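Visitor: Just need the structure, nothing else, for what follows:
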Amino acid sequence: MFVKNVEDISGGRYKVTMDDDVSFVLYKGEISKFRIAVDTDVDDTGYEQIMHEILPRRARLRLLNLLARRPYTEHQLKVKLIDGGYPESIADDAISYVSGMHLIDDYGYCRDYIFHSSATKSRKRIVSDLLKKGVPACVIESAMSSIEDDGDLAEEDSLIYRLMEKRSYNKDTATYEEKQKMLRFLYGRGFACEAIDRCMKS
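Guide: The predicted structure is shown next:
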């Protein structure tokens with residue numbers, strides 16, 4: 001394989017780009033070990049070791065370290081690896097590895113997020129947040145339905161009233177500025193304008 005570019009990125013790490021545009025990150029010692037330099041060939045044995053031993057092992061360890069701290073969605077983990085300079089194939093392999101150990105559970109992550117967010121956010125905002133985290137819509141819908149069936153999802157008007165009370169909002173004495181501030185706050189939590197208007201007037 002032919003080396004097209006070698007870029008010093010930081011902390012003794014180098015981004016190596018091959019002639020097929022596949023890129024990966026190696027440490028300085030590895031650059032020397034495999035004699036990697038611009039416009040040179042990496043022998044098949046060395047390339048095989050990089051792609052099938054060094055990078056997969058490093059990517060798997062990276063995910064294990066991340067998951068030891070807190071839960072992540074599959075999408076979040078893949079983004080972490082891609083941003084860290086791992087080729088997509090290596091990222092997919094690492095995801096499969098930790099998934100096989102049952103360390104990734106998008107459905108469980110979704111349920112926990114809905115349960116803990118439902119006291120301060122609208123359903124619309126929760127769904128939007130989870131979609132941004134890369135959770136598939138079908139998984140969100142299933143988790144939301146499960147939470148609803150368990151009776152753990154607050155009715156939205158009740159949630160708006162609770163948030164208004166928590167912020168000491170009194171519709172009878174609120175000034176115009178206070179009303180606008182509360183309206184912006186509730187809208188920012190994803191509540192529909194009609195629901196906000198109904199609760200702020202009733």
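
Visitor: Restricting to C-alpha, output the helix ranked longest in the chain in PDB.
Guide: Longest helix in the chain by number of residues (criterion: DSSP state H): helix 55-69. What follows is helix 55-69, C-alpha atoms only, in PDB (Å, rounded to 0.1, in the frame of the first residue of the first chain):
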ATOM      1  CA  LEU A  55      -6.200  -0.400  15.200                       C
ATOM      2  CA  PRO A  56      -9.000  -2.800  16.100                       C
ATOM      3  CA  ARG A  57      -7.500  -3.500  19.500                       C
ATOM      4  CA  ARG A  58      -7.100   0.200  20.200                       C
ATOM      5  CA  ALA A  59     -10.600   1.100  19.000                       C
ATOM      6  CA  ARG A  60     -12.200  -1.600  21.200                       C
ATOM      7  CA  LEU A  61     -10.200  -0.400  24.200                       C
ATOM      8  CA  ARG A  62     -11.300   3.200  23.500                       C
ATOM      9  CA  LEU A  63     -15.000   2.100  23.600                       C
ATOM     10  CA  LEU A  64     -14.600   0.100  26.700                       C
ATOM     11  CA  ASN A  65     -13.000   3.100  28.500                       C
ATOM     12  CA  LEU A  66     -15.900   5.300  27.300                       C
ATOM     13  CA  LEU A  67     -18.600   2.900  28.400                       C
ATOM     14  CA  ALA A  68     -17.000   2.400  31.800                       C
ATOM     15  CA  ARG A  69     -17.700   6.100  32.500                       C
END
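
Visitor: Of all the residues in whichever helix or strand comes after it, which ones are buried?
Guide: Where DSSP states H and E defines the elements, the next helix or strand beyond helix 55-69 is helix 74-83. For helix 74-83, a neighbour-count test (16 or more other CB atoms under 10 Å) marks Glu74, His75, Gln76, Leu77, Lys78, Lys80, Leu81 as buried. Quick note: C-beta positions are derived from backbone N, CA and C, even for glycine.

Visitor: now helix 74-83, how far from the centre of its chain.
Guide: Distance, stretch centre to chain centre, for helix 74-83: 7 Å (CA atoms, centre = their mean, to the nearest Å).

Visitor: what packs against it?
Guide: helix 55-69, helix 88-100 (3 or more CB pairs under 8 Å, 6 or more residues apart in numbering; DSSP states H and E).

Visitor: Leu67 - nearest residue in space that isn't next to it in sequence?
Guide: Spatial nearest neighbour of Leu67, chain neighbours left out: Leu103 (5.1 Å); criterion: CB to CB, 6 or more residues apart in numbering.

Visitor: Quick one: neighbours of that neighbour, just the number.
Guide: 16 (other CB atoms under 10 Å).

Visitor: Hmm, Leu66 and it touching each other?
Guide: No: with contact defined as CB atoms under 8 Å, Leu103 does not count as touching Leu66 (9.8 Å).
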